[in-house]
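K.L.:
Next one to model:
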Amino acid sequence: MAQTRELTYPLQFSTAQFSYLLGMVHAQNVIGGDDATLFPADPAQRQAQWDQGLAELQADQWIVWDEAAGHFSMTDPLMMVIATVAEPDMVVVSEWQHRSSGSQGVSHYFSPSGIIEMSLVDGQYTLVALTNIDVMTERLAHSLGYQDIAQPDAGFNFPRELVEQARQNPDPRWLAQQGIAPEAAQYFAETLQATASRGTVTILRTIEAKAVGMRLVGALIGAGGQQWLALPHPNQTIDYFTATTANFMGVTSSLINELLNTPIEELVAG
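P.N.:
Reported below is the predicted structural model:
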């Protein structure tokens, strides 16, 4: 059997290559991926994409023909990466919008084999293996715009229905009238008046590539260095509190571990 290439990160695959690799593990969808392009609905289009992906993967020595087995094969390390993305225990899908660089996103896939980070960079699916949750949450914090800047101790609970009104008219006096402490109202208004970035982290417990449990974290960063975390509640209110990089990492890690340790039966029943 011909030699496959050594696995070194970051891994980068075209849409056609990634589509074929996912097909090798019988994936039908990818949470956090672009299913419309990875899994074309038209059979002829899908086959054409697979043919292109196969040719590219062979040319790049990612897969080779296994004469003894009678099929194409990839290395075990690459198989574990693709299997983690295709059928994870948990997916963390993060999207954010920076004032200067526009909309971006990244997805993280959890399995007993480890954590795989996936992003779309210049049209290439880019995959990186991360050693633990701390590394993952620190990378994510920096992507969202958190910095190691001290923050005043401020926090409040706010009705979801008033959030858009606050964005449209970030008046500290109006915010104070809604029950927010004056200092927190001023700091929050300054954040809304000049927002550097905002984002959402969606934590999904999954089974057979379908979500069965969810937690949300919001990120809001002001141009003046203001940093907030937002935690929505089922009663249609949101907890906002100031946060450092360490705060974001701690809260996000806690939610990930809590959801990972919740029995699937409870999540499905709920």
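K.L.:
Just give me the residue right at the centre of this protein.
P.N.:
Nearest to the mean C-alpha position of the chain, by CA atoms, centre = their mean, lies V93 at 2.5 Å.
K.L.:
is it fair to say D148 lies in a strand?
P.N.:
No - counting by DSSP: H, G, I helix; E, B strand; the rest coil, D148 is not part of a strand but coil.
K.L.:
List phi and psi for the residue of the chain positioned farthest from its centre.
P.N.:
No residue in the chain sits farther from the centre than A68, which is 39.4 Å out by CA atoms, centre = their mean. Dihedral pair for A68: phi -70, psi -40, per degrees, to the nearest 10.
K.L.:
Distance of the residue nearest to the centre of the chain relative to V128?
P.N.:
16 Å (CB to CB, to the nearest Å). The way it works is simple: take the backbone N, C-alpha and C, and place the C-beta from them, glycine included.
K.L.:
for the stretch 151-270 of the chain, what spans make up the helices?
P.N.:
For the stretch 151-270 of the chain, applying DSSP state H, counting those that start in this stretch gives helices covering 163-168, 172-177, 182-193, 245-260, 264-269.
K.L.:
so of the ones you listed, which one's packed in deepest?
P.N.:
Across the helices of the stretch 151-270 of the chain, the average number of neighbours (mean count of other CB atoms under 10 Å) peaks for helix 182-193, which reaches a mean of 19.
K.L.:
what's it packed up against?
P.N.:
Using 3 or more CB pairs under 8 Å, 6 or more residues apart in numbering; DSSP states H and E as the contact test, the elements touching helix 182-193 are strand 155-159, helix 163-168, helix 172-177, strand 210-222.
K.L.:
pLDDT of the shortest one, averaged?
P.N.:
Strand 155-159 comes out with an average pLDDT of 96.
K.L.:
what does it rub up against?
P.N.:
166, 178-181, 184, 188, 236-242 (CB atoms under 8 Å, 6 or more residues apart in numbering).
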